[in-house]
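Participant: Kindly generate the corresponding structure for this input.
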Amino acid sequence: MAEGAPQSIIIKKVKKGGHAAHHGGAWKIAYADFVTAMMAFFLLLWLLNAVPQESLEGISNYFAPVSVSESTSGSGGVLGGKVMSEEEAGISESSSSVTMDLPPPSAGSGGDDQASAEDIAEDAAREAMEALEQQQFDEAQQKIIQAIEADETLSQLKDSLKMDDTPEGLRIQLLDQDGLPMFQSGGATMLAHTRKVMALVAKVIKNMPQQISISGHTDSVPFSDDHGYSNWELSSDRANSARRELMDDGVPYERVSQVIGKASTEPLMEDNPTHPSNRRLSIVLLRGSAGPLDAEEEILPGLSDIKQKQLEDTLNSIE
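Facilitator: Predicted coordinates:
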């Protein structure tokens, strides 16, 4: 190289951190967006579950379309299926509108789910109590019939005892037969065979939980004395006589909810109001009157089963 020639200067640039560019902060932004979206999603789920059903229906109705047009002509553009009338140069309708009722949203009932579960549990408990009560009625009716048939002295009274299952409850009736009355004529004193039947009935029902209604009935033959004592007083006195007999045979005092005399207002033989069977006593174990479970039964869940077993043992002891 000649001594006077200019020297070339070479500058070498070295880029550092080229590999780290692939691991910059861009991924953090994407991750933050993902976390934000997930938070919004779970917040939406929580709101759907917390908002009551009525509010969801209101929101749904607010955004629901009012109607949907089913066009039979036109392209659905500016006129939307409407054509110009040649005579009046107006717009005539050529489409039909169909109103749609959207079903209410089913998501997010809020507190309704718990209330619904409680209602279901309450209904199940009520059905179980009704089934148990019906079983008690059926067993009591069967035991009374078996006890009467097994006793020769009471076998003649089989037709005097009538039992049926009514909406009011299990009804046990003691009827007069022709030549075989339950009471002294015109009085409220029970005859010996009537007291024996009452003792048998009391033995079956005294340990049952239902309340008891007692009513006295007479036939339509007028009855009155010099003091105005009529069939009303007679039927009431006979009902009270039955109450006292049940109490003497061990039925608790608080089990009797009402004692009433009905005279001849509810004849058993409607087509023959003077028939002897219209003179009767009616003892009803009131359906659904056993009441809720005691507190001790809630603390000891098996206590109700023990009491049911005791009731069954009592009924079996009659045999």
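
Participant: Residue 136 and residue 208 touch, don't they?
Facilitator: Yes: with contact defined as Cβ atoms under 8 Å, residue 136 and residue 208 form a contacting pair (5.9 Å). C-beta here means a position set from N, CA and C on the backbone, and glycine is covered the same way.

Participant: now the helices for the stretch 151-300 of the chain?
Facilitator: Taking DSSP state H, counting those that start in this stretch, the helices of the stretch 151-300 of the chain run over residues 192-205, 231-248, 295-299.

Participant: contacts for the second one?
Facilitator: So the one you mean is helix 231-248. Contacts to helix 231-248, defined as Cβ atoms under 8 Å, 6 or more residues apart in numbering, come from residues 174, 182-183, 186-190, 195, 198-199, 201-202, 206, 212, 214-218, 222-223, 253, 256, 259-264, 281, 283.

Participant: Drop anything exposed from those residues.
Facilitator: 174, 182-183, 188, 190, 195, 198, 201-202, 206, 212, 214-218, 223, 256, 259, 261-264, 281, 283 (16 or more other Cβ atoms under 10 Å).

Participant: Averaged pLDDT, the host helix or strand of residue 147. What do you get?
Facilitator: Assigned by DSSP states H and E, residue 147 belongs to helix 112-150. Mean per-residue pLDDT for helix 112-150: 81.

Participant: Now that helix: buried residues?
Facilitator: By 16+ other Cβ under 10 Å, the buried positions in helix 112-150 come out as 129, 133, 136-137, 139-141, 143-144, 147-148.

Participant: what packs against it?
Facilitator: strand 161-166, strand 169-175, helix 192-205, helix 303-316 (3 or more Cβ pairs under 8 Å, 6 or more residues apart in numbering; DSSP states H and E).

Participant: lowest-confidence stretch among those?
Facilitator: Note on the helices and strands packed on helix 112-150: helix 303-316 shows the lowest mean pLDDT, a mean of 61.

Participant: What's the mean pLDDT across stretch 217-225?
Facilitator: pLDDT averaged over stretch 217-225 gives 88.

Participant: now swap in stretch 29-38 and tell me
Facilitator: Regarding stretch 29-38, the rounded mean pLDDT is 85.

Participant: and what of stretch 234-254?
Facilitator: Stretch 234-254 comes out with an average pLDDT of 96.

Participant: so residue 180 makes contact with residue 161?
Facilitator: No: using Cβ under 8 Å, residue 180 is not in contact with residue 161, being 11.7 Å away.

Participant: Check the gap between residue 161 and residue 194 for me.
Facilitator: The gap separating residue 161 from residue 194 is 11 Å, by Cβ to Cβ, to the nearest Å.

Participant: which of the two has more neighbours?
Facilitator: Per other Cβ atoms under 10 Å, whichever of residue 161 and residue 194 has more neighbours is residue 194, with 22 against 17.

Participant: Now do the more buried one against residue 180, distance only.
Facilitator: For residue 194, the distance to residue 180 (Cβ to Cβ) stands at 10 Å.

Participant: Also residue 123?
Facilitator: Relative to residue 180, residue 123 is positioned 47 Å away (Cβ to Cβ).

Participant: And for residue 28?
Facilitator: According to Cβ to Cβ, residue 28 stands 102 Å off from residue 180.

Participant: More neighbours: which of the two?
Facilitator: Of the pair residue 28 and residue 180, residue 180 is the one with more neighbours under other Cβ under 10 Å, namely 15 against 9.

Participant: which ones are touching that one?
Facilitator: Residues in contact with residue 180 (Cβ under 8 Å, 6+ apart) are 156-157, 160, 193.

Participant: Which one of those residues is nearest to residue 54?
Facilitator: Closest to residue 54 out of the contacts of residue 180 is residue 160 (60.8 Å), distances taken as Cβ to Cβ.

Participant: That closest one reaches residue 175, doesn't it?
Facilitator: Yes: assessed by Cβ under 8 Å, residue 160 is found in contact with residue 175 at 5.1 Å.

Participant: Spit out the residues that contact these two alike.
Facilitator: Common contact partners of residue 160 and residue 175 (Cβ under 8 Å, 6+ apart): residue 182.

Participant: quick one, what contacts the spatially closest residue to residue 249 that is not a sequence neighbour?
Facilitator: Using Cβ to Cβ, 6 or more residues apart in numbering and skipping the chain neighbours, the partner closest in space to residue 249 is residue 202 (3.4 Å). Going by Cβ under 8 Å, 6+ apart, residue 202 touches 245-246, 249-251.

Participant: How about residue 190?
Facilitator: Neighbouring residues of residue 190 by Cβ under 8 Å, 6+ apart: 182-183, 198, 241-242, 245.
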